[in-house]
Each structure stands twice: as structure tokens, then as C-alpha cells.
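Undergrad: would you be able to build a 3D model of this:
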Amino acid sequence: MSAAAITLSACGGGEEGDASAAPETSASAAAPSDEVAADDSSEAPAPAEPGSAEVTPPGTALKVGDRAVVPFESSDATGKIAITVTAIEPGDKAEFESKFGDKAQGIDPVYIRYTIENVEGGDFSYSSAPRLRALGADGTGTGVIVSGDLGTCESDSAPKDFTAPGATYETCRLQGGTPDNPAVGVEYSDDDYSDDPIVWTA
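TA: Here you go, the predicted structure:
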């Protein structure tokens, strides 16, 4: 099995590294998360209720523990999954520095723990977990890119039996922040949500 690709970068990191070491930027990172509630004339979308198959609208602001339903496609099926972010927690810094060495300096590891639910019973066995990204206090990316796992935070794929409505599994995504820009939120920005992601905050 080949080793996971590792890329770390931090704002203010100077000239070290290649082009991938520039601060993280994307269309989804440009919009602060609090814009989803900027229109006081209407209520913010509510989190999806357990068992609900109604798709969560782009731009929805959620809290850790809330459930979002999104379209999902694998090589074998198309349907819906639900994502519930269960924790945004500090990672094991000693383990992080041991694995990544000098590249880990000035970076605080963050574990995003979440549960994936098969909403409609599509055959999503062995599918990769949806990618979530850490956000700073201003609602944009933290400026840190981490690609890889730790023993205390591994990105698990769906199990073989992830084919029935209500089936779930848990996974973890390793992300990072800095002392000046800690990770305080999470976004899902794939596909229809690229311009207006779903955001979870503590």
C-alpha cells in the first residue's frame, strides 16, 4: 500500500516549499460563514431531522451535532447521504510532529470527526467519505493544507454493508490551524455546494 500524500502549509510560512505552500484559497473559502444568516427577513434553514431525506440547501449554517443531507454519487449508485459533524477537536500534536517533522512547526492539528448515514439505501459500499475542510474564525480557510492521516484520526471509507437505509459509519479528517488562525468551523463544499457551502460551528 502506498503512503498517503502529505502537504502542509501555513500563512506567513515564507519562501519554503513549492506553489502548494501558498495560503489556501478557493471560491468556497471566500464567503464568510456568517453570511448565511445575513438576511434577517427569513429564518436560517433548520438542520435535517433524523431520517429526513430532504436535501439541505447550500449556505446552511449548522452547529456541531446537526445533520445535513446531501446528494451523493459513487461508482455504483447515486442517491443521498447525511453528514453529522460530531466534533471539532484539538489533535495529538506530539503524534503530528512525529509524523510530519519540521513541516508541522507552527501548525496545530485538528480532528474533524463525523458520521455518514446512507439515507435511501444506495449501494455506497467502499465509497470514500465526503471531504470536510476546517475554517477559521472569519469563515474562510485556515491557510493550512493537510493531506494524510494519523493513528488517532484516520479517514475511513464506507464498509462493505453500507447499502441499507439508515446504515452509518464514523470517520475522521485531519486538518490544521495556526495559533493566529485556529480552526473553529467546518465546511462541506463539494458539487452543488462549491459556491455556498454548508458550515458547521461549535
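Undergrad: only C-alpha atoms from now on, for both contacts and neighbour counts.
TA: OK.
Undergrad: tell me how far the helix or strand of the chain with the lowest mean pLDDT lies from the chain's centre.
TA: When each helix and strand of the chain is scored by mean pLDDT, DSSP states H and E, helix 93-100 comes last, with a mean of 94. A distance of 21 Å separates the centroid of the chain from that of helix 93-100, by CA atoms, centre = their mean, to the nearest Å.
Undergrad: wait, residue 72 touches residue 81, no?
TA: Yes - contact status for residue 72 versus residue 81: in contact at 6.1 Å, counting by CA atoms under 8 Å.
Undergrad: now for residue 158, how many residues are close by?
TA: Neighbouring residues of residue 158 were enumerated by other CA atoms under 10 Å; the total is 22.
Undergrad: my bad, should have said residue 52
TA: Residues near residue 52, counting by other CA under 10 Å: 15.
Undergrad: three-state assignment of it?
TA: coil (DSSP: H, G, I helix; E, B strand; the rest coil).
Undergrad: excluding its backbone neighbours, what's nearest residue 129?
TA: If the residues on either side of it in the chain are set aside, residue 129 comes closest to residue 157, at 5.5 Å by CA to CA, 6 or more residues apart in numbering.
Undergrad: so what's the backbone phi/psi at the one you found?
TA: phi -90, psi 170 (degrees, to the nearest 10).
Undergrad: in contact with it, which residues?
TA: Applying CA atoms under 8 Å, 6 or more residues apart in numbering, we find residue 157 in contact with 126, 127, 128, 129, 171.
Undergrad: same check, this time on residue 118
TA: Per CA under 8 Å, 6+ apart, neighbours of residue 118: 80, 81, 82, 124, 162, 163, 164, 165, 166, 167, 168.
Undergrad: next, work out how far apart the residue most central in space within the chain and residue 167 are.
TA: In the chain, the centroid-proximal residue (CA atoms, centre = their mean) is residue 132; its distance is 1.3 Å. Between residue 132 and residue 167 the distance is 20 Å, computed by CA to CA, to the nearest Å.
Undergrad: good, wrapping up.
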